[in-house]
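# whatever this is, show me its structure:
(one chain, ligands or ions: 2)
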Amino acid sequence: MKNWKTNSWRKYPVKHIPEYQDKKELDQVLNKIKTFPPLVFAEETRHLKKQLSEVSDGKAFLLQGGDCAESFAEFNPDNIRDYFKVILQMSLVLTYSASLPVIKLGRIAGQFAKPRSAPTEKQGDNELPSYLGDNVNGIEFSEKARRHDPKRLFKAYSQSAATLNLLRAFSHGGFADLKKVHLWNLGYIKKSPQAKKFKELEDKIADALAFMDACGINSEFNRRLKTVNFWTSHEALHLPFEESMTRTDSTTGEYHATSAHFVWIGDRTRQLDGGHVEYCRGIENPIGIKCGPTSKPDEIAKICNLINPKNEKGKITLISRFGHDNVGKFLPKLIRGIKKEGVNVIWSCDPMHGNTIQSTTGYKTRRFNNVLKEVKDVFAVHQSEGSYAGGLHIEMTGQNVTECTGGAKNIQDQDLSSRYHTHCDPRLNADQALELSFLISDEIKKNSSYSKNAIQAAS
Ligand code: PEP
Ligand code: CO
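Ligands and ions are numbered 1, 2, ... in the order given. Coordinates of the predicted model:
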């Protein structure tokens, strides 16, 4: 790769990188992190890329989800378990409806750093640096908490390692066994309409497993029935940290980000001549690019070519996030611009980030119906453009939070204060996330390209 180094991004203009007062301390921390074990292994990343190439061919579906921002305060095993349960449930619903494998990619085990609209926050007469994520500073509105503290990177690394460790155990240690599907339900959603629908699915799966068992195929002999692949991702925003976690793969000599399997470039940092694009062009990992209303199709195509000069399938995922009123205005142009250049991409839909509003009670929220409308419109546009809607990117949690309004329980603006725990953007709770997956499965059933792909995937 021409003129690329793990630190070459430093020669380019970069946005949203925290300014640390104590640069010496930051360097000490980063030098220490360079000696820490990688969080993921290059071969795993290659495996994910191979699976993503199947999405690119329309033979699999990508489900990416998790917190907007992970926090030190919400770090506990029950939260990780509940999150994992919802991801398994959603994947099952989608796999069943599309008859396609679902690739499970968490926004977890490293999703800390946040770009913010303003560098400072004002409360009354007091003005302090904005909260930039728990790996940079604290959310409390005090001078001490808002200081950019390099040592927080150690804590974020260790939380990511412990989170990933538990997720790996769940994925391969028996928790994900299809025989245990009834254990994935969360207590608090047992009474919801989704729980009823999920129970119907459980029963169908139990019947299918009983039949397969009678044919001699069961999870004791077939690993694929009792384990899942679960991958991690986050926004590659904090480039000093990413640089210190970028390693050479000893088997191939290639560079890999080892902080996660997949990283993405945010809508605010995807400048063609910016440091974030420069960093991402040198690593082998699959890369996501967020595309919003200000994205120019030809610029996005240029970024794809720069990051993926060999036009490898599975390397680039374009994550559209236009907002529920804007899909028809922007997405067809983007699809056509990308097609014209012959660039291979996965099309994923983020129905969250273009739909953030202020509730009448003063909370940052999202209306479930708007989220749903964006997904539906994205499916319809891909259907008419002849492209494949291959993924969903959402902010969600396994906890019973009240952060997004609407959904089957019809959360109102007045309810938001009851369990509003997010450190950044409002997340779908487990109920809403599951509801969304049922609604998407209806879209998938309507969409002719899925039935065609499912037949091909099976053959
Ligand atoms: C995010 O995914 O957390 C985010 C900030 O999104 P976007 O870059 O699309 O605004
Ligand atoms: Co967000």
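
# what residue in the stretch 51-200 of the chain comes nearest to ligand 1?
In the stretch 51-200 of the chain, no residue comes nearer to ligand 1 than residue 68, which is 5.2 Å away by C-beta to the nearest ligand atom. The way it works is simple: take the backbone N, C-alpha and C, and place the C-beta from them, glycine included.

# what's in contact with the host helix or strand of residue 161?
Assigned by DSSP states H and E, residue 161 belongs to helix 152-172. Residues from elsewhere that reach helix 152-172 (C-beta atoms under 8 Å, 6 or more residues apart in numbering): 29-30, 32-33, 36, 39-40, 70, 72, 75, 77, 80-81, 84, 106, 108-110, 112, 134-137, 175-176, 227-230, 232, 238, 241, 259.

# go with 6 Å
Here helix 152-172 makes contact (C-beta atoms under 6 Å, 6 or more residues apart in numbering) with 29, 39, 75, 80, 84, 109-110, 112, 135, 227-228, 230, 241.

# got it, and stretch 195-211?
In this structure, residues lying in contact with stretch 195-211 by C-beta under 6 Å, 6+ apart are 96, 181-182, 189, 438.

# who in the chain is up against ligand 1?
By C-beta under 6 Å from any ligand atom, the part of the chain that sits against ligand 1 consists of 68, 115, 235, 266-268, 290, 321, 353.

# in helices, which of the residues you listed appear?
Under the assignment DSSP state H, the residues of the chain next to ligand 1 contribute nothing to helices.

# which of the contacts of helix 152-172 sit farthest apart?
29 and 227 (35.9 Å; C-beta to C-beta).

# ok, the nearest residue to residue 80 once chain neighbours are set aside - how many residues close by?
Closest residue to residue 80 apart from its sequence neighbours, by C-beta to C-beta, 6 or more residues apart in numbering: residue 166 at 5.2 Å. Residue neighbour count, defined by other C-beta atoms under 10 Å, stands at 16 for residue 166.

# show me the strands in the stretch 151-300 of the chain, by range?
Using DSSP state E, counting those that start in this stretch, the strands of the stretch 151-300 of the chain run over 230-235, 246-248, 255-257, 262-265, 287-291.

# make TSV from those and add mean pLDDT to it.
Shown next, in TSV, are the strands of the stretch 151-300 of the chain (pLDDT from 0 to 100):
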stretch	mean pLDDT
strand 230-235	98
strand 246-248	98
strand 255-257	98
strand 262-265	98
strand 287-291	98
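
# let me see the contact set for the residue of the stretch 51-200 of the chain closest to ligand 1.
Counting by C-beta under 6 Å, 6+ apart, residue 68 has contacts 395, 424-425.

# what about 8 Å?
Residue 68 makes contact with 107, 111, 114, 395, 422-427, according to C-beta under 8 Å, 6+ apart.

# equivalent analysis for residue 50, please.
Applying C-beta under 8 Å, 6+ apart to residue 50 gives the contacts residue 314.

# kindly report the same for residue 285.
Applying C-beta under 8 Å, 6+ apart to residue 285 gives the contacts 45, 49, 256-257, 260-263.

# one more pass at 6 Å, please.
Taking C-beta under 6 Å, 6+ apart, one finds 45, 257, 263 in contact with residue 285.

# go through these and name the one nearest ligand 2.
Using C-beta to the ion, residue 263 comes nearest to ligand 2 of the contacts of residue 285, at 15.3 Å.

# what's around the closest one, how many residues?
Counted by other C-beta under 10 Å, the residues lying close to residue 263 total 23.

# since we're on the nearest residue to it once chain neighbours are set aside, how many residues are nearby?
Excluding the flanking residues, the one nearest residue 263 by C-beta to C-beta, 6+ apart is residue 236, at 3.8 Å. When counting by other C-beta under 10 Å, one arrives at 29 neighbours for residue 236.

# what's the spacing between residue 236 and residue 329?
Going from residue 236 to residue 329 by C-beta to C-beta, to the nearest Å gives 28 Å.

# check residue 233 too.
For residue 233, the distance to residue 329 equals 28 Å [C-beta to C-beta].

# more neighbours: the two, which one.
For residue 233 and residue 329, the more surrounded residue by other C-beta under 10 Å is residue 233, and the numbers stand at 28 against 11.

# contact partners for that one?
Contacts were defined as C-beta under 6 Å, 6+ apart; by that measure residue 233 touches 105, 260, 262.

# can you pull the contacts of the second one?
It stands for residue 260. The contact partners of residue 260, by C-beta under 6 Å, 6+ apart, come to 110, 232-234.

# check the first one too.
Neighbour list for residue 105: 64, 231, 233, 262 [criterion: C-beta under 6 Å, 6+ apart].

# chain neighbours aside, what residue packs nearest to it?
Nearest non-adjacent residue to residue 105, counting by C-beta to C-beta, 6+ apart: residue 64, 4.2 Å away.

# what residues are bridge-paired with the one you found?
Bridge pairing for residue 64 (DSSP bridges) gives the partners residue 105, residue 393.

# rewinding a little: out of the residues of the chain next to ligand 1, who's near ligand 2?
Contacts with ligand 2 within the residues of the chain next to ligand 1, counted by C-beta under 5 Å from the ion: residue 68.

# what pLDDT does the closest residue to ligand 1 within the chain get?
Closest contact between the chain and ligand 1, by C-beta to the nearest ligand atom, is at residue 266 (3.1 Å). Predicted confidence (pLDDT) for residue 266: 98.

# so it touches residue 235, yeah?
Yes - using C-beta atoms under 6 Å, residue 266 is in contact with residue 235, at 5.1 Å.

# so which of the two has more stuff around it?
The neighbour comparison of residue 266 against residue 235 (other C-beta under 10 Å) goes to residue 235, with 27 against 22.

# the closest residue to residue 225 other than its chain neighbours: neighbour count?
Closest residue to residue 225 apart from its sequence neighbours, by C-beta to C-beta, 6+ apart: residue 219 at 3.9 Å. By other C-beta under 10 Å, 19 other residues sit near residue 219.
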